[in-house]
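K.L.:
Output the structure for:
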Amino acid sequence: MAWSILLVAGLLEVAWAIGLKYTEGFTKLVPSVLTLAAMAGSVILLGLALKTLPIGTAYAVWTGIGAVGTAALGIILFGEPAAAFRFASIGLIVAGIVGLKLVS
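P.N.:
As a prediction, the model looks like this:
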């Protein structure tokens, strides 16, 4: 169950990271409120997952999900570069997440 909670926490991290772009410096009310709610939810769920998961593993996986998801959505939503080296780097992050999951 802790891994499922951590996954949702990571997805909420992606949501707030992308949401930051839409807040335009927290000048837009609705995106700002949604982004802050995603931030709070992400941290709360991370805290719940940490009841049973090791901090080093959980934090690395949480940030990894956030990094991979945000990079992927940056390419899709904002037209950021989709170079082979970028995808290879994202793949290394995914490999690290999988490796940490396998040893925990």
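
K.L.:
Point out where this structure drops to low pLDDT.
P.N.:
Within the chain, not a single segment meets pLDDT under 70.

K.L.:
Could you list the buried residues of the longest helix anywhere in it?
P.N.:
When the chain is parsed with DSSP state H, its longest helix is helix 55-78. Going by neighbour count (16 or more other Cβ atoms under 10 Å), the buried part of helix 55-78 is 57-62, 64-75. In short, each C-beta sits where N, CA and C put it, glycine included.

K.L.:
and if you look at stretch 19-26?
P.N.:
For stretch 19-26, by 16+ other Cβ under 10 Å, it's G19, L20, T23.

K.L.:
Now render these as JSON lines, adding secondary structure and distance to K51.
P.N.:
What follows is these, written out as JSON lines (DSSP: H, G, I helix; E, B strand; the rest coil; distance: Cβ to Cβ, whole Å):
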{"residue": "G19", "secondary structure": "helix", "distance to K51": "27"}
{"residue": "L20", "secondary structure": "helix", "distance to K51": "28"}
{"residue": "T23", "secondary structure": "helix", "distance to K51": "31"}
